[in-house]
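Asks: Coordinates for the following, if possible.
(2 chains)
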Amino acid sequence: MLALEFPPLSHIVNWPGFFGTDGAWYEINKVVLIYAFAVVLTILVFALGNKKQLVPTGMQNVAEMAVEFVEDGIVMETMGKEGIKYTPYLLSLFFFIFFTNIFEIIPIIQMPASARIALPLFLALLSYVIYHGAGIKSHGFGYFKHALVPPGVPVALLILVIPIEFISKFLVQPFSHTVRLFANLLAGHILLVTFAVLTSGLFVPKWYAVFAPLPLIGVIFFTAFEVLVSFLQAYVFTLLTGVYINAAQSHEH
Amino acid sequence: MQRIRLLLAAAAIVLLGFLGFAQPSAAEGKLSHPAEECIKEIEAANSIDVDCQKAPNPLVPEVNEIIWGVVGFTVVFGFIWKMGLPSIKSGMNARTERIRSDLDAAEAQRTEASGILAEYQAQLTDARSQSTKIIEEARQAADEVKATLVAKAEADITELRNRATSDIEAAKVQAIADLRGEVASLAIGAAEQVVERNLDHDTNVALVESYINQVGAGR
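Replies: Sure, this is the predicted structure:
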């Protein structure tokens, strides 16, 4: 029989603290360290992108390209010039999420911080406050009418439409925003661990070792795939934040 | 050479897999059941917050995860390094070159604009100096015309004055001559009157005055 020993799910996402009292709010564990690394790397991107060299070379070039990507590909696409003031937030959001995601494939660390729901939830709630805040700033308290009453809906249907819009925009939206990032990264992390364990289980001096290259190919394929997912999920999360801000502050439906 | 290296690397991975990375439990054909033990622990504690729920090590994953994660990462990283890096580098170089050429073009335009500005300023200065020169020349010409006219006017005035003086002098001479003749004829006339009527002094004076009045009324 194939001797496979998959670790429990909690063992690949639930890291015990190594500093501070167990369970206390200030306890530091591996995920907190990943946050710290991601913050440092995000600051590094800003620092490199802010260098005063007119003709960029090396890392300044990379940082500037990345900043241009977020500015042109997300901010301008979703909000146009009106959204420029949100660029610092969206830039920070994109790079922070990308760096927390990409630790999923970095050897020895091998843990995406976004695979714990705390981070996606916090970022989604922060964005929730920002985009509803932008809506209230733009429309005053008329924002709630703007958000809940789509134009052209017959009055008789409003009793049905308003609760649906409320549930959709005020309850489900932050939930889906959170879960999209969290579930993708958790699934990717589980896949990588599964294929690693499977490869390990097949690399034994038995006849079925001939199948070991198959999960190994899986490890390689999903490692490459997770690079893409890390980037794509950071992009999608940031893009949706831009779309929500634009929808909230827009004067058109 | 590269193929041999790849083959050697693959053989080393396989060998390591057989000799070192195989899990002892799997090699012995026995399975431990940590999950089951953990469930028992959870049931005993009546809480899910038990140590067996957490990863055994606070920082590093299981060894087999690390090994195969490293293999996957190395292959992907190597592939990106080999296949993606040249295009990334060329893209970055193209961007650097584009920015450099844009800056050079802007610098050239700035230099050209500075040249044009300097040219305009020189033309302006030239125009100003020319206008100053023209004004000065006009002023000098006007001064010359004025001086000529004043001199001519003064000459005319002098000539007129001289002519008037000579005319007055001639008229005076003529008047004196006329007066002298008149006085002489008056005197002769008066003398004739006096001679014709030899009277006393008062009568003589009355005769002379009457004669003068007669002459004056006759003119």
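
Asks: Ramachandran coordinates for the residue most central in space within chain B?
Replies: Residue closest to the average C-alpha location in chain B (Cα atoms, centre = their mean): B:L117, at 8.1 Å. B:L117 adopts backbone torsions of phi -60, psi -40, taken as degrees, to the nearest 10.

Asks: For it, give me the pLDDT.
Replies: You'll see B:L117 listed with a pLDDT of 95.

Asks: likewise B:A10?
Replies: B:A10 is given a pLDDT of 60.

Asks: what do you get for A:A134?
Replies: 94.

Asks: Secondary structure element for it, which one?
Replies: Secondary-structure element containing A:A134, defined by DSSP states H and E: helix A:118-139.

Asks: Tell me which other helices or strands that helix touches.
Replies: helix A:30-49, helix A:87-102, helix A:143-148, helix A:173-202, helix A:213-249 (3 or more Cβ pairs under 8 Å, 6 or more residues apart in numbering or on different chains; DSSP states H and E). Bear in mind the C-beta positions are built from the backbone N, C-alpha and C, glycine included.

Asks: can you list these in JSON lines and add mean pLDDT, distance to chain B and mean neighbour count?
Replies: Supplementary listing: the helices and strands packed on helix A:118-139 in JSON lines, determined by pLDDT from 0 to 100; distance: least, Cβ to the nearest Cβ, whole Å; neighbours: other Cβ atoms under 10 Å in any protein chain shown:
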{"stretch": "helix A:30-49", "mean pLDDT": "92", "distance to chain B": "5", "mean neighbour count": "17"}
{"stretch": "helix A:87-102", "mean pLDDT": "95", "distance to chain B": "11", "mean neighbour count": "22"}
{"stretch": "helix A:143-148", "mean pLDDT": "91", "distance to chain B": "38", "mean neighbour count": "17"}
{"stretch": "helix A:173-202", "mean pLDDT": "94", "distance to chain B": "4", "mean neighbour count": "21"}
{"stretch": "helix A:213-249", "mean pLDDT": "95", "distance to chain B": "4", "mean neighbour count": "20"}
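
Asks: Can I get the ones you listed in a markdown table including distance to B:E43?
Replies: Listed next are those as a markdown table, based on distance: least, Cβ to Cβ, whole Å:
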| stretch | distance to B:E43 |
| --- | --- |
| helix A:30-49 | 27 |
| helix A:87-102 | 35 |
| helix A:143-148 | 47 |
| helix A:173-202 | 25 |
| helix A:213-249 | 33 |
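
Asks: which one of the ones you listed lies closest to B:A105?
Replies: The closest of the helices and strands packed on helix A:118-139 to B:A105 is helix A:30-49. By Cβ to Cβ, the value is 23.5 Å.

Asks: Would you mind writing the CA trace of that closest one as PDB?
Replies: Provided in PDB are the C-alpha atoms of helix A:30-49 (Å, rounded to 0.1, in the frame of the first residue of the first chain):
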ATOM      1  CA  LYS A  30       5.600  33.000  11.100                       C
ATOM      2  CA  VAL A  31       2.700  34.800   9.400                       C
ATOM      3  CA  VAL A  32       3.500  38.000  11.300                       C
ATOM      4  CA  LEU A  33       7.100  37.700  10.100                       C
ATOM      5  CA  ILE A  34       5.800  37.300   6.500                       C
ATOM      6  CA  TYR A  35       3.800  40.500   7.000                       C
ATOM      7  CA  ALA A  36       6.900  42.300   8.200                       C
ATOM      8  CA  PHE A  37       8.900  41.000   5.200                       C
ATOM      9  CA  ALA A  38       6.100  42.100   2.800                       C
ATOM     10  CA  VAL A  39       6.000  45.600   4.400                       C
ATOM     11  CA  VAL A  40       9.800  45.900   4.100                       C
ATOM     12  CA  LEU A  41       9.700  44.800   0.400                       C
ATOM     13  CA  THR A  42       6.800  47.200  -0.300                       C
ATOM     14  CA  ILE A  43       8.700  50.100   1.200                       C
ATOM     15  CA  LEU A  44      11.700  49.000  -0.900                       C
ATOM     16  CA  VAL A  45       9.600  49.300  -4.100                       C
ATOM     17  CA  PHE A  46       8.600  52.800  -3.100                       C
ATOM     18  CA  ALA A  47      12.100  53.800  -2.200                       C
ATOM     19  CA  LEU A  48      13.600  52.400  -5.400                       C
ATOM     20  CA  GLY A  49      10.800  53.900  -7.500                       C
END
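
Asks: any idea of the angle that helix forms with helix A:87-102?
Replies: 130 degrees (axes from the mean of the first three to the mean of the last three Cα atoms, to 10 degrees).

Asks: what's the next secondary structure element after the lowest-mean-pLDDT helix or strand in chain B?
Replies: None of the helices or strands of chain B scores lower by mean pLDDT, DSSP states H and E than helix B:24-28, at a mean of 41. Reading on from helix B:24-28 to the C-terminus, the next helix or strand found by DSSP H and E is helix B:34-45.

Asks: which secondary structure elements does the very next helix or strand once past that following helix contact?
Replies: Using DSSP H and E, the helix or strand that directly follows helix B:34-45 along the chain is helix B:63-79. Packing partners of helix B:63-79 (3+ Cβ pairs under 8 Å, 6+ apart): helix A:173-202, helix A:213-249.

Asks: before we move on, back to that, gap between the residue nearest to the centre of chain B and B:A108?
Replies: Separation of B:L117 from B:A108 (Cβ to Cβ, to the nearest Å): 15 Å.

Asks: And A:F6, by the same measure?
Replies: 66 Å.

Asks: Who has more neighbours out of the two?
Replies: Using other Cβ atoms under 10 Å in any protein chain shown as the criterion, A:F6 and B:A108 rank with A:F6 on top: 14 against 10.

Asks: Show the pLDDT at A:I106.
Replies: A:I106 carries a pLDDT score of 94 in this model.

Asks: before we move on, what about B:D200?
Replies: 74.

Asks: A:F211 too?
Replies: 89.

Asks: Verify the stated contact: it with A:G201.
Replies: No - when contacts are counted by Cβ atoms under 8 Å, A:F211 is not listed as touching A:G201 (10.1 Å).

Asks: if we can go back for a sec, of all the helices and strands packed on helix B:63-79, which one comes closest to B:D102?
Replies: Nearest to B:D102 among those is helix A:213-249 (27.6 Å), distances taken as Cβ to Cβ.

Asks: quick check: angle from that closest one to helix A:118-139?
Replies: Using the same axes, to 10 degrees: helix A:213-249 against helix A:118-139 is 20 degrees.

Asks: quick one: contacts for residue 162?
Replies: Unless you meant another one, I'm taking chain A. Listed by Cβ atoms under 8 Å, 6 or more residues apart in numbering or on different chains, the contact set of A:I162 reads A:L148, A:V149.

Asks: let's do chain B instead
Replies: Applying Cβ under 8 Å, 6+ apart, no residues contact B:N162.
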